[in-house]
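Participant: just the structure for this:
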Amino acid sequence: MSSHQEQEAGPSGLPHHEMMQLLGFETSDSEKEEEETNLLFSKEMACSDEDEICQEALDRFERQRAFQTNLLEQSGGGLDAGAEGAFEFELNNYVDRLSNRMGVREGHFNTRLRQRGNLIEDPNITRALQDGLRRAVNQVLATTPNLHDQDRLYFTIGSNSLHNNFQGWGLRAGEWREGGERMDALFDRLAQALNSNEQFEMDDSFQLSITQVHHAPQGTGRPRRGKPGHPTMEILTRNSKSIIRIQNKDELCCARALVVAKARLDQHPKYHSIRQGTKLQRTLALELQHEAKVPLGPCSYDALTKFSAAPSLTHYQIILVDAHRSFHITTFGGTQDKQLILLHHQGHYDVITRLPGFFGSSYVCAHCWKPYHHEDHHRCNKQRIFGACRQKECHDFLHAYPRGLKATQRCPSCHRDFFGETCFQTHLAIDHAGKPVTNPQSTICFLRRRCSKCRKQNVGLENIERHWCYYVDCRSCHKYVHGDTYQCFIQRAPKPQEKKKRKKKRSRRSSHQTRGRRGPSNRTGGRGGRCGRPAILACVF
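Facilitator: This next block holds a predicted model:
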């Protein structure tokens, strides 16, 4: 290594030999002599894999040091060698909005990354991010007014260096304040996600957002009176034969509903007395409340979770239909043949006897909880071909899909993600039709590949070989051009549906013009106007 190369400094401002020493690649004098003798016999060692790894680590160190130095300057300070380096997330852009799909109010916080103290080394970046996230959440807890312990906090971490954005669990605000096993498990999962991405770096694309979701409504007992002119739910609960109304004056409507639904399924000999809300119904509800260790008062999702764990309800599954969340269905407990179905509306719980009758459909899917009429038309009943491994009824996909899990196992050859080991091994041994092959060039892995840079999936050997990042096939001129810069001036031929729409617009336009040209003289008696001449109607096309 020449003296000029030793004095040359990178973006971080450090000489080359100091960076090599920080990375652990500096050698002793004896090792330098051995290297000089080895270089005389072999010059190809400069292009070996070890040199490439060393150079890559060196470049990564340079980028990290330059980024953190710039971040310290933007934060209003400078490098403080005596202080410990730490990341800070500055909260800004608080947005209070209503989620129409979930029926809840949520507050959204955007953050800005800051740094103070000294530079943070690569092995300590994950720990520094965890500490900064804890401080950001604590700031949300301290500054947000009327933050209930049952409110949930979600956070999302995104970066170009991550394969997928990391989404944190919706822990309750009380759990963030008290800590515990769930919070530790969440940070462990975050550490695994960051460490599993070998190319993860802190750069300008790193983003953190925190969302606060208000806790779900709780049933207190007495049903509140609906608004005038909006008696839809009132009429539904009164007239529907699929609903059993719980009429009570205490705060036991949830336990009463569970008792009535259980007595109906078990064909209890005193079912009619229990259904009518007699003293027996209250006694059984108090016993269930005591057995599940649920305090008297409003029953939230946590109370339903405790009810599902009660010994007398071990072989039952509780299903909740929330009218305030667009009749969203939530299940409590494992999948069981016996189901206790509750309806929550206006702070009150009722019993649903049959879900198809309540939704007015022929069936309700037990997998996605969507009502449908024709059994052959529902997507869950069809044998789907999974796009990654191209096999029917992929077990790994069927296990992950209802749980909301994403594909995390990436193939190093085709750069596509898979849901499990079986799904991964299958795409290496079958073709696009799902048949086993012996030729590696006929497998799915060889003929379906995703670009590692632009993440576009190409199917077929011809498309894979000609692929350029951000290039597309122009639908008008049928050329392979850059999608962002190319401007095609050839008009595309209209489709039959577009022709029909244009025809309708022309007919409407002509009718409007005809009406506008009819004058008052045409309304007088006879065919002609006042001068006795025939009326002329002009139609313009």
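
Participant: so, low pLDDT: which residues of the stretch 101-250 of the chain?
Facilitator: 101-105, 161, 169, 195-204, 215-232 (pLDDT under 70).

Participant: pull up the gap between the residue nearest the centre of the chain and Ile243, please.
Facilitator: Centroid check for the chain by C-alpha atoms, centre = their mean gives Gln167 as the closest residue, at 7.5 Å. To Ile243, Gln167 is 36 Å away according to C-beta to C-beta, to the nearest Å. All C-beta atoms are positioned from the backbone trio N, CA, C, and that covers glycine.

Participant: these two touch, right, Phe359 and His373?
Facilitator: No. The pair Phe359 / His373 is not scored as a contact, 10.3 Å apart, by C-beta atoms under 8 Å.

Participant: neighbour count: these two, which is higher?
Facilitator: Neighbour totals were compared for Phe359 and His373, and Phe359 leads with 18 against 11 (other C-beta atoms under 10 Å).

Participant: may I see the buried residues of stretch 118-138?
Facilitator: Going by neighbour count (16 or more other C-beta atoms under 10 Å), the buried part of stretch 118-138 is Asn118, Leu119, Ile120, Ile125, Thr126, Ala128, Leu129, Gln130, Gly132, Leu133, Ala136, Val137.

Participant: so which of these are in helices?
Facilitator: Residues of the buried residues of stretch 118-138 located in helices (DSSP state H): Ile125, Thr126, Ala128, Leu129, Gln130, Gly132, Leu133, Ala136, Val137.

Participant: now for the residue nearest to His315 when sequence neighbours are not counted: which residues touch it?
Facilitator: Excluding its sequence neighbours, the residue lying closest to His315 (C-beta to C-beta, 6 or more residues apart in numbering) is Gln336, at 5.8 Å. Shown in contact with Gln336 (C-beta atoms under 8 Å, 6 or more residues apart in numbering): His315, Tyr316, Gln317.

Participant: quick check, Gln336 in a helix?
Facilitator: No. Applying DSSP: H, G, I helix; E, B strand; the rest coil, one finds Gln336 to be coil, outside a helix.

Participant: for it, give its distance to Phe359.
Facilitator: Counting by C-beta to C-beta - Gln336 and Phe359 are separated by 21 Å.

Participant: same check, this time on Asp302
Facilitator: Applying C-beta to C-beta to Asp302 and Phe359 gives a distance of 27 Å.

Participant: can you spell out which helices and strands pack onto the host helix or strand of Leu186?
Facilitator: Using DSSP states H and E, the element containing Leu186 is helix 181-196. Here helix 181-196 touches helix 125-143, strand 166-167, strand 171-172, helix 173-178, going by 3 or more C-beta pairs under 8 Å, 6 or more residues apart in numbering; DSSP states H and E.

Participant: got the contact list for it?
Facilitator: So helix 181-196 is in contact with 125-126, 129-130, 133, 157, 162, 166, 168-169, 171, 175-176, 200, going by C-beta under 8 Å, 6+ apart.

Participant: do that again at 10 Å, thanks
Facilitator: Residues from elsewhere that reach helix 181-196 (C-beta atoms under 10 Å, 6 or more residues apart in numbering): 123, 125-127, 129-131, 133-134, 137, 155, 157, 159, 161-169, 171-172, 175-177, 200, 408.

Participant: now swap in stretch 123-132 and tell me
Facilitator: Outside stretch 123-132, the residues that reach it (C-beta under 10 Å, 6+ apart) are 64, 68, 84-89, 111, 113-115, 117, 120-121, 157, 186-188, 190-195, 200-202, 206, 208.

Participant: show me where the stretch 351-500 of the chain has helices.
Facilitator: Counting by DSSP state H, counting those that start in this stretch, the segments of the stretch 351-500 of the chain that form helices are 355-359, 395-400, 421-426, 444-447, 461-466, 496-517.
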